[in-house]
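> just coords:
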């Protein structure tokens, strides 16, 4: 009775496993092989139950044919299932090789149909009498069972070594069928075949030891190649939170230390704390039909993406701060034009011994200092005035070496290490020298009161795309040859937080600093389409290198610009500016120089005033930035009305904005704000001389 219950149990387990795999998801080869194994075992158990219940010889024959069909198919399906689970290469490339074991056993089995003499086994006797081919059948089956068991053990040890209980379950499940068969070799073997019962018990152990481990929906120990090759790291843990499997990306990410068996939380913590890496971690539960089976963690390396995001945020921050700084500088320049201009005019009107003269001179001096401050703000915004020439960086360093030495304290030594064969670059010499001076002063201040060295070097490098990506303000730079100058100090260095803010306007680590020196450096670099690289560590000093794209041409000699002419003033000048203080300052300066002046507070009013007096107006002083009709629109309308009219553009921004308005126009010029009355008059006279010629 117990034997019958055991056979029924085996049949039910095998049938359940087969049906469960039909509905499950997973690689087809895994499901098919396990279904074949379960079906073979179910046939064997069903045949054995039928043999126990059969009474008529014909029924007994059919039952034994069914029993031995299951026994003939089971070893081959056992090998196929184990080899598939262990990931044996031949399963994918040559699965037909399993026929080497199945075909001979099926030939022996066929004797049940064609051999009445009983060379395989007796047909109809209640207790079978085995012939010689039966032992061939058993030997072939044992060989295949041993091969399959080896595959199962190999997979269990390699893939489940972190879970001893699961390994024991797999080994026991693989060994039970063989144990059930070995019982028949004992001196007093049982009268019934226990192999199917042991097969059912082994199948149940394998079912719970392998299929429910959470590595896949079918056979985790035979993970798909897709999981192994995906670039995202995958960690799979059981309900106890221990890692039971991982893919190649996760193993490479976490290093050489063993992952399997470790705590999932610790593995995730290790990933998040990898130096120099940004790892994004997502976790989710793994569910089966009976509930939660474990957890999966996805480790995505976002180091590259995070670097690009930081670059984008830095670029957006610099752009927004640049717009703010440029706007503030523009408005200040308008105010400074009135202050500086009126102070000069007042100074010209009073007696040299008047007590107010000293005050006016201090007003002019303060206004000029304020103009330099707004110039640095414009430099940071990338809208500084550029006087572009072909220059040699090493020559620029030598030209201001005396100034560099006098700008630092005596305890700091400035050392030059210059490369004499640099390719020329296109740059504004004054702004390049300003960058050098700002960097040297900043380096000297980082050294403080102790003795130290500031080394200024020049050189040339070939920059690739990867090199450009690490530069600050490297937007618009192309790979290729770049000349550079470098300032290296032996000062206190900077931490990452300070380096992240060092180019922000008004940020300073010094109590008395304005925080515009390095901000101006970055703005000048942006204006020249140059890039800056910073290397620093606390206590190890700082190195800042500025790269400029190499250019062709011959280096221009300094002082090659022609002198500006001076001539007496007369005639009518139209002044157009939306700021009244600027209009009035310009009017007073021009009237004192002998000109008649018309004033307009907008572009539209300027056109209205110009139409009836087009023949009388000798020159127009035009603000580029106005809220009503812009300087660009007004310039076009005036040029349409009088093509030969000299127009002098004025702006608190860079000359580049004016250059876009009057590109290629020989009768247009530019005067930057703030300007002194003498400078304005000189520019006006220069424009009139150019128009006559």
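That came in fine, so what should we check first? In this text, all values refer to a predicted model and were calculated from it rather than measured experimentally.

> what about the host helix or strand of residue 544, distance to the chain center?
For residue 544, the host element (DSSP states H and E) is strand 542-549. Averaging C-alpha positions (CA atoms, centre = their mean, to the nearest Å) puts strand 542-549 23 Å from its chain's average.

> do the same with stretch 523-533
23 Å.

> helices of the stretch 451-600 of the chain, start to end?
465-469, 496-501, 517-527, 580-592 (DSSP state H, counting those that start in this stretch).

> just send those back as CSV, with mean pLDDT, distance to residue 368 and mean neighbour count too.
Placement of C-beta: from N, CA and C, glycine included. What follows is the helices of the stretch 451-600 of the chain, written out as CSV (pLDDT from 0 to 100; distance: least, CB to CB, whole Å; neighbours: other CB atoms under 10 Å):
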stretch, mean pLDDT, distance to residue 368, mean neighbour count
helix 465-469, 80, 38, 13
helix 496-501, 82, 30, 12
helix 517-527, 78, 17, 26
helix 580-592, 90, 15, 20
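
> tell me, what residue is most central in the protein?
In the chain, the residue lying closest to the centroid (CA atoms, centre = their mean) is residue 305, at 1.8 Å.

> in contact with that one, which residues?
Going by CB atoms under 8 Å, 6 or more residues apart in numbering, residue 305 touches residue 278.

> that one: which element?
Secondary structure assignment for residue 305, by DSSP H and E: helix 303-349.

> quick one: distance of that helix to the chain centre.
31 Å.

> quick one: mean pLDDT over that helix.
The average pLDDT within helix 303-349 is 76.

> now stretch 187-207
68.

> re the thing from before, ok and the helix holding residue 305 relative to helix 517-527, angle-wise?
Inter-element angle recorded for helix 303-349 and helix 517-527: 100 degrees (by axes from the mean of the first three to the mean of the last three CA atoms, to 10 degrees).

> between helix 303-349 and helix 580-592, how big is the angle?
Comparing the axes of helix 303-349 and helix 580-592 via the same axes, to 10 degrees yields an angle of 40 degrees.

> as a markdown table, the helices of the stretch 451-600 of the chain with distance to residue 272 would be great.
As requested, the helices of the stretch 451-600 of the chain are exported to a markdown table (distance: least, CB to CB, whole Å):
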| stretch | distance to residue 272 |
| --- | --- |
| helix 465-469 | 24 |
| helix 496-501 | 18 |
| helix 517-527 | 32 |
| helix 580-592 | 58 |
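
> among the ones you listed, which comes closest to residue 283?
Judged by CB to CB, the one of the helices of the stretch 451-600 of the chain that comes nearest to residue 283 is helix 496-501, at 28.8 Å.

> helices along the stretch 1-150 of the chain, start to end?
Using DSSP H, counting those that start in this stretch, the helices of the stretch 1-150 of the chain run over residues 2-23, 28-53, 57-86, 89-93, 99-114, 132-159.

> which of these comes out lowest on mean pLDDT?
Minimum mean pLDDT among the helices of the stretch 1-150 of the chain: helix 89-93, a mean of 68.

> about what we covered before: list the helices and strands the strand holding residue 544 packs on?
strand 425-427, helix 429-447, strand 480-489, helix 517-527, strand 531-536 (3 or more CB pairs under 8 Å, 6 or more residues apart in numbering; DSSP states H and E).

> out of the ones you listed, deepest packed?
For the helices and strands packed on strand 542-549, the largest average neighbour count (mean count of other CB atoms under 10 Å) is found in helix 517-527, namely a mean of 26.

> so which elements touch it?
Under the contact rule (3+ CB pairs under 8 Å, 6+ apart), helix 517-527 is packed against helix 303-349, helix 356-381, helix 429-447, strand 531-536, strand 542-549.

> show residues contacting stretch 397-406.
414, 416, 418, 429, 433, 436, 437, 440, 456, 458, 485, 558.

> list the buried ones in it?
397, 399, 400, 401, 404 (16 or more other CB atoms under 10 Å).

> now do the domain split for this protein, please.
According to automatic domain parsing, the chain comprises the domains 2-221, 225-301, 309-378, 389-549, 572-692.

> circling back to that earlier point, quick check: which of the helices and strands packed on strand 542-549 is nearest to residue 606?
The nearest among the helices and strands packed on strand 542-549, by CB to CB, is helix 517-527 at 30.4 Å.

> chain center to that closest one, what's the gap?
25 Å.

> so how many other residues sit close to residue 267?
Neighbour count of residue 267, defined by other CB atoms under 10 Å: 25.

> re earlier: which two from the buried residues of stretch 397-406 end up farthest apart in space?
So, the buried residues of stretch 397-406 by CB to CB: farthest apart are 399 and 404, at 10.1 Å.

> and stretch 677-687, how far from the chain's centre?
How far stretch 677-687 lies from its chain's middle: 53 Å, per CA atoms, centre = their mean.

> show me where the stretch 551-693 of the chain has strands.
572-576, 596-600, 617-623, 647-651, 668-672 (DSSP state E, counting those that start in this stretch).

> for the helices of the stretch 1-150 of the chain, which one sits closest to residue 637?
Checked against CB to CB, the stretch from those lying closest is helix 28-53, at 77.4 Å.

> my guess is residue 10 meets residue 41, correct?
Yes. Here residue 10 reaches residue 41: they are 6.8 Å apart, a contact under CB atoms under 8 Å.

> the more surrounded of the two?
The neighbour comparison of residue 10 against residue 41 (other CB under 10 Å) goes to residue 41, with 30 against 27.

> surely the more buried one meets residue 70?
Yes. Under the criterion of CB under 8 Å, residue 41 makes contact with residue 70 at 6.7 Å.

> pretty sure residue 477 sits against residue 470.
No. Taking CB under 8 Å as the definition, residue 477 is not a contact partner of residue 470, at 11.7 Å.
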